[in-house]
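Trainee: Predicted model follows, preceded by the sequence.
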Amino acid sequence: MYAIIVTGGKQYLVTEGQKLQVEKLDLEVGATLNLDCLLVSDESGESVKVGTPLVPGGQVTAKVVAQDRADKVSVIKYKRKVRYRRNVGHRQPFTEILIEKIA
């Protein structure tokens with residue numbers, strides 16, 4: 001089954017057994033999470049339920065696998081002729097979840 005979920009202001013297309021990195025959630029590793037669905041479909045696409053805005057009774061159960069930070073991104077500012085240079089690094093935190101069940 002396929003489902004479209006919303007978390008962290010973004011929409012994701014998910015299937016059962018998929019690992020997904022989403023915006024940081026304040027949950028511990030091993031905690032379960034229930035997400036509301038915007039759309040639920042079977043593998044062949046014959047049985048499609050579209051919500052307005054959410055599918056009634058449609059839920060995705062996920063498990064928190066890890067809390068981590070992404071790779072470093074360098075933010076460089078430079079102005080010529082005035083000796084101005086700035087180099088700042090940033091690591092965005094994320095939560096890795098495992099999609100267990102789509103109902």
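Mentor: Received it, and whenever you're ready, just let me know what you need.
Trainee: wait, residue 22 sits on residue 7?
Mentor: Yes: between residue 22 and residue 7 there is a contact under C-beta atoms under 8 Å: 5.1 Å. Glycine gets a C-beta too; all of them are placed from N, C-alpha and C.
Trainee: For the protein, which segments are assigned as strands?
Mentor: In the chain, strands defined by DSSP state E lie at 2-7, 10-15, 19-23, 32-41, 48-50, 59-69, 73-79, 84-90, 93-102, listed in chain order.
Trainee: so what strands line up beside the last one?
Mentor: Strands flanking strand 93-102 in the sheet, each with its direction: strand 19-23 (antiparallel), strand 59-69 (antiparallel) (DSSP bridges).
Trainee: again with the fifth one
Mentor: With DSSP bridges as the test, strand 48-50 is paired with strand 32-41 (antiparallel).
Trainee: who's in contact with the partner strand?
Mentor: Strand 32-41 is contacted from outside by 1-7, 11, 25, 27, 47-51, 53-55, 58-64, 97, 100, 102, using C-beta atoms under 8 Å, 6 or more residues apart in numbering.
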